[in-house]
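Enquirer: Got a predicted structure plus its sequence, pasted below:
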Amino acid sequence: MYDLRSSDPTMPRMPTAHTTLVLASASPRRREILARLGAPFEVIPAEGVDEEAVRGAPEHVARTLAGLKAEAVLARLGATRGGEAGRWVVLGADTVVALGEGSCETILGKPRDGEDARRMLSLLQGRAHRVVTGVAVAERGKAVRVDSESTEVAFRPLSPEDIDRYVATGDPEGKAGAYGIQSGAAGLVAEIRGCYYNVVGLPLVLAAGLLAGTVPAAACDCARHPRQRGGSGCGRRFALSEALRP
């Protein structure tokens with residue numbers, strides 16, 4: 001959908017023969033996005049991370065869970081593959097949807113069922129919210145590198161019938177905030193401000209920066225997304241703007 005290219009073709013910074021990249025996520029969306037960077041990687045989903053146990057501001061929750069997932073997979077590699085774990089670079093990510101402002105923000109995770117999805121979408125309709133994705137990179141013998149990206153998303157007004165039709169497609173299942181901007185919810189979104197890929201589940205420029213030396217540097221054309229209203233798109237962080245406040 002969006003073209004990616006090396007931001008510095010004279011310095012490709014490709015992986016060395018002694019390093020293997022691992023994606024600590026079962027998400028097919030993150031797998032597809034990471035593949036756009038052009039570096040080979042393995043997929044080993046994180047296990048044993050209690051997402052409900054982490055509380056706090058959206059950035060704190062997303063970064064903490066991303067770090068825990070990356071560390072969990074690195075530890076698993078150490079336990080199952082011994083000395084080989086020193087050669088692995090593990091990328092973890094976690095996405096949350098935050099509705100409201102400041103200390104009053106409410107985090108919306110993945111819906112428990114169809115009724116919970118309807119509840120979330122009813123809260124989001126006709127309003128702006130933030131999508132925050134934490135990204136973490138774990139390597140043996142190094143401190144975990146972690147950061148997060150924030151993108152504004154504004155929903156158009158939705159009727160109960162609109163919400164019921166979308167929920168009936170099954171698309172909300174397994175998605176933070178009960179929607180997928182890259183799939184059935186594309187028509188529910190009025191505009192975005194920031195990184196499109198962040199809303200899908202993995203901000204590319206941020207991830208490539210944390211993985212410097214393992215993958216090529218990257219740039220993307222989020223600024224040209226048809227619903228982009230943030231100007232520069234990918235790589236920018238936004239606070240809830242006056243234009244999108246309910």
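Expert: Noted; the coordinates are in hand. Residues are numbered from 1 along each chain as shown.
Enquirer: Show me what the top helix by length along the chain packs onto, helices and strands only.
Expert: If you go by DSSP state H, the chain has its longest helix at helix 58-81. Contact analysis of helix 58-81 by 3 or more CB pairs under 8 Å, 6 or more residues apart in numbering; DSSP states H and E lists strand 88-99, strand 128-138, strand 145-155 as its packing neighbours. The C-beta positions use only the backbone N, C-alpha and C, and glycine is treated the same way.
Enquirer: Can you name the element that comes right after the strand or helix carrying Glu191?
Expert: Here Glu191 is covered by strand 189-193, with elements defined by DSSP states H and E. Sequence-wise, the next helix or strand downstream of strand 189-193 (DSSP H and E) is helix 196-200.
Enquirer: Distance-wise, check Gly170 relative to Gly213.
Expert: 40 Å (CB to CB, to the nearest Å).
Enquirer: Equivalent analysis for Val43, please.
Expert: For Val43, the distance to Gly213 - CB to CB - is 21 Å.
Enquirer: And those two? Which one has more around it.
Expert: Val43 (15 against 10; other CB atoms under 10 Å).
Enquirer: Thr80: neighbouring residues, count only.
Expert: So Thr80, with other CB under 10 Å, has 10 neighbours.
Enquirer: How about Cys234?
Expert: Around Cys234 there are 26 residues (other CB under 10 Å).
Enquirer: quick one, what contacts the most centrally placed residue in the chain?
Expert: Central residue of the chain (CA atoms, centre = their mean): Gly201, 2.7 Å from the mean position. Shown in contact with Gly201 (CB atoms under 8 Å, 6 or more residues apart in numbering): 27, 29-30, 33, 93, 95, 133.
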